[in-house]
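Enquirer: pasted the sequence and its predicted model underneath.
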There are 2 protein chains.
Amino acid sequence: MSKSSVLTLTPVETVACCSPMNREPLTQDAAERIAPLLKALADPVRLRLLSLVASHQDSEACVCNLNDAFDLSQPTISHHLKVLHEAGLLERDKRGVWVYYRASTEALGALASLIGSTAP
Amino acid sequence: MSKSSVLTLTPVETVACCSPMNREPLTQDAAERIAPLLKALADPVRLRLLSLVASHQDSEACVCNLNDAFDLSQPTISHHLKVLHEAGLLERDKRGVWVYYRASTEALGALASLIGSTAP
DNA sequence: CCCAGACATCGATGACTGTCAATATTGACG
DNA sequence: CGTCAATATTGACAGTCATCGATGTCTGGG
């Protein structure tokens, strides 16, 4: 018996610095799904673009309006719109010569609630 | 009267592609203040780090816990923690040899409500 | 059928970023 | 003191990104 007690491992190694966890953190998969959305938003120009589109009636604006609001070249704006579109934050709608972008309130709401839920 | 009516300008120049705006979009200043916060969040590792910290009791965790949760070198984790700290999303607290990071629920809440308010 | 205008794509370039190995700093403890 | 363990800093490198000018692709009108 004495021998076996020597072999017994202390079951909970109380490392001083550790504190318990209250809930499950984000999985790696979830994080890798969400990060690209945030990356698409994490640019001042794209933030303003999205906000500009969302501020229009029906959350919809045509590119010509957007180009004029910035001191950037038209290809640059087009690039940023593409990034937002590919992230699922803007929907594209071509009507004749003009192209309209609409803010996906659904995607934005989901993102907001996710960030919020990280906090409380 | 007929003359004056001829001189009357059409008050709203209806450009075909334009639609009216319902509210003020983000200013450039606001966008440039918010974008760095999102940039700090826009990385899978940092998202998981923040979530991991926030999931601990008192929204606080020590670095040794965080290092172990990733397949990354210790300097890399330290770097990511620094980015989150400088963005104001994590607060630093050194206690003896160990360093604890605490999630700033305030900053996270503000960010979430801002993204959410872009949508509705 | 061709032109003009709206928007997208391409290629280049300078700036920034994630990662690591090596090294420094800091605090506890013998 | 001297050593060890925890964390930060540094320097380097490869990859990504924002921006632009030039060019391509549509579409409607004459």
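Expert: Perfect, thanks for sending it.
Enquirer: near chain B, anything from the strand or helix carrying A:Ser113?
Expert: According to DSSP states H and E, A:Ser113 maps onto helix A:105-118. Yes: using CB under 8 Å from any CB of the partner chain, we find that helix A:105-118 touches chain B at A:Thr105, A:Leu108, A:Gly109, A:Leu111, A:Ala112, A:Ser113, A:Ile115, A:Gly116, A:Thr118. All C-beta spots, glycine's among them, are computed from the backbone N, C-alpha and C.
Enquirer: farthest-separated two in those?
Expert: A:Thr105 and A:Thr118 (20.8 Å; CB to CB).
Enquirer: higher neighbour count, the two?
Expert: Between A:Thr105 and A:Thr118, counting by other CB atoms under 10 Å in any protein chain shown, A:Thr118 is the more crowded of the two (24 against 15).
Enquirer: other SSEs contacting the helix holding A:Ser113?
Expert: When contacts are defined as 3 or more CB pairs under 8 Å, 6 or more residues apart in numbering or on different chains; DSSP states H and E, helix A:105-118 packs onto helix A:28-41, helix A:44-55, helix B:44-55, helix B:105-118.
Enquirer: looking at those helices, which is closest to DNA strand C?
Expert: helix B:44-55 (4.5 Å; CB to the nearest atom of the strand).
Enquirer: and the following helix or strand past the closest one with DNA strand C, contact?
Expert: Moving toward the C-terminus from helix B:44-55, the next helix or strand (DSSP H and E) is strand B:60-62. No: judged by CB under 7 Å from any atom of the strand, strand B:60-62 stays clear of DNA strand C, getting no closer than 13.6 Å.
Enquirer: please report how far A:Thr76 lies from B:Glu86.
Expert: Between A:Thr76 and B:Glu86 the distance is 28 Å, computed by CB to CB, to the nearest Å.
Enquirer: then A:Ala30?
Expert: 25 Å.
Enquirer: kindly report the same for A:Ala35.
Expert: Distance, A:Ala35 to B:Glu86, using CB to CB: 19 Å.
Enquirer: which of the two has more neighbours?
Expert: More crowded of A:Ala35 and B:Glu86, by other CB under 10 Å: A:Ala35, with 20 against 11.
Enquirer: in terms of contact, does that one touch B:Leu47 like I think?
Expert: Yes: counting by CB atoms under 8 Å, A:Ala35 does reach B:Leu47; the two are 5.6 Å apart.
Enquirer: now do the shared contacts for these two.
Expert: Each of B:Leu41 lies in contact with both A:Ala35 and B:Leu47 under the rule CB atoms under 8 Å, 6 or more residues apart in numbering or on different chains.
Enquirer: pLDDT below threshold where in chain A?
Expert: Filtered on pLDDT under 70, chain A yields the residue ranges A:1-17, A:118-120.
Enquirer: if I look at the closest residue to DNA strand C within it, how far off is B:Arg46?
Expert: Closest residue of chain A to DNA strand C, CB to the nearest atom of the strand: A:Pro75 (3.0 Å). Plainly put, A:Pro75 is 31 Å away from B:Arg46 if you go by CB to CB.
Enquirer: interface residues of chain A facing DNA strand C?
Expert: Contacts of chain A with DNA strand C, taken as CB under 7 Å from any atom of the strand, map to A:62-64, A:67, A:74-75, A:78-79, A:81-82, A:92, A:97-99.
Enquirer: now render these as a markdown table, adding neighbour count.
Expert: Shown next, in a markdown table, are the residues of chain A next to DNA strand C (neighbours: other CB atoms under 10 Å in any protein chain shown):
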| residue | neighbour count |
| --- | --- |
| A:Cys62 | 21 |
| A:Val63 | 17 |
| A:Cys64 | 15 |
| A:Asn67 | 15 |
| A:Gln74 | 12 |
| A:Pro75 | 8 |
| A:Ser78 | 14 |
| A:His79 | 13 |
| A:Leu81 | 21 |
| A:Lys82 | 12 |
| A:Arg92 | 13 |
| A:Val97 | 9 |
| A:Trp98 | 14 |
| A:Val99 | 16 |
